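> 3D model of this:
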Amino acid sequence: MKQVFDAFTANIQVESIEPFGGGLINDTFRVRNQNPEGVDFLLQRINHQVFKDVSGLMHNMELVTQFLNEKISSSVALQDTCQTLKIIPTSSGLSYFQDENGSFWRVVKFLKGYRSYDYVESAEQAYQGARAFGQFALLLDDFPVQDLKETIPSFHDIIKRLTTFNEVVSSNKNPDRVSACREEIRFVNDVADQMSQIERSRRSGVIKDRVTHNDTKFNNVLLKEDFSSHCVIDLDTVMPGVIHYDFGDGVRTSTSTTEEDEKDLGLVDIDIEKFNGFAQGYLEVLKPVLTVQELESLALSGPLLAYIMGVRFLTDYLAGDVYYKIKHETHNLDRARCQLRLTRHMLDRLSDMAAIIKAV
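Predicted coordinates for the structure are as follows:
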């Protein structure tokens, strides 16, 4: 790894390189500077089995971080309240390096004084995380979205996800699993039309494409201890999308009362106080640039993203667990049931969520 790091123009004396964080996709290492007052770095091995278009991914990341850095550096107020990632190029000027084994690597500056949180413990934390994602979207409001590549085609396209789901069900490759999931399959089909509304609006141009993060979990925001400044991280999935993807995934992951694979479905629900905090933080920043059509359909975002994940987990279970890593035989089924139950509860609270959004 020292040889890999030396391919980049960081120009430091390395004290150590050690594993960092608990990411499930990429491998991340902290490169410590021998000078304790100097800059540290993060060295990441990009999982090119998941992100097959590494060049496109880094193209997007490079354009977006350069755009954000220029905006932040030109505003004293922004410099005090937010940061973005700074990519360190290789000696040949590229944003990534491919080693002799075919692995892809990148280096970014390590932000000292910031930390991430795995769980949202309060409405205030939901507010702060959402505000960071809202600021991210606002700063990119005038970015030319057509310049970005779609690095994971149809990532949140529920219409295509449902097509794949129905193909897997009809193939009946695992008849025992299909028989065990009749109730879940019925629910997926019962709400499919409602859950496809946002994607139909996107396809027809009623809702416009924006730069979207597409993975707005709370631990993808770094925060200072006093919440005075933030940095949105994990930009691998930044690409064109609709704002509902980011708002919805933030709601799904920040307001659920359980982990996404909870077996006791009686515990699964939406925490409406955390939803209120999330909506407040996100919309206080971003609402002025959103269209009437975006705002009118925004409440459906949370149920949609929970539904998308439920459909994906159930599809994988019925296909024989070919995509997601599992810890036991019914892990994907447990995940699917949890997310579909969350979808149901969110749909039951749809009018409450719409009222909160309207009141911001």
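> quick one: Val322 from Gln197, how far?
Val322 sits 29 Å away from Gln197, going by Cβ to Cβ, to the nearest Å. Any C-beta I mention is one placed from the backbone N, CA and C, and that applies to glycine too.
> ok, the two, which is more surrounded?
Just comparing Val322 and Gln197: by other Cβ atoms under 10 Å the higher neighbour count belongs to Gln197, 16 against 10.
> Just to check, that one is in contact with Ser297?
Yes: under the criterion of Cβ atoms under 8 Å, Gln197 lies in contact with Ser297, with a separation of 6.8 Å.
> ranges for the helices of the stretch 151-300 of the chain?
Counting by DSSP state H, counting those that start in this stretch, the segments of the stretch 151-300 of the chain that form helices are 158-171, 175-180, 182-190, 192-195, 197-204, 243-255, 272-286, 292-296.
> Summarise which helices and strands the fifth one is packed against.
In terms of contacts (3 or more Cβ pairs under 8 Å, 6 or more residues apart in numbering; DSSP states H and E), helix 197-204 is packed against helix 158-171.
> what are the ranges of the strands in this structure?
Across the chain, reading from the start of the chain, the strands by DSSP state E fall at 14-19, 27-33, 41-46, 82-83, 87-88, 97-98, 104-109, 114-115, 210-212, 221-224, 230-232, 239-241.
> Strand partners (parallel or antiparallel) of the longest one?
Paired with strand 27-33 in the same sheet, following DSSP bridges, are strand 14-19 (antiparallel), strand 41-46 (antiparallel).
> Equivalent analysis for the fourth one, please.
The pairing partners recorded for strand 82-83 under DSSP bridges are strand 230-232 (parallel).
> Okay, buried residues for the strand it pairs with please.
By neighbour count on 16 or more other Cβ atoms under 10 Å, the buried set for strand 230-232 is His230, Cys231, Val232.
> Likewise for stretch 198-209?
Residues of stretch 198-209 classed as buried by neighbour count (16+ other Cβ under 10 Å): Ile198, Glu199, Ser201, Arg202, Ile207.
> wait, Leu350 sits on Ala299?
Yes: contact status for Leu350 versus Ala299: in contact at 5.6 Å, counting by Cβ under 8 Å.
> Which one's more surrounded, these two?
Neighbour tally, Leu350 and Ala299, criterion other Cβ under 10 Å: the higher count belongs to Ala299, 27 against 14.
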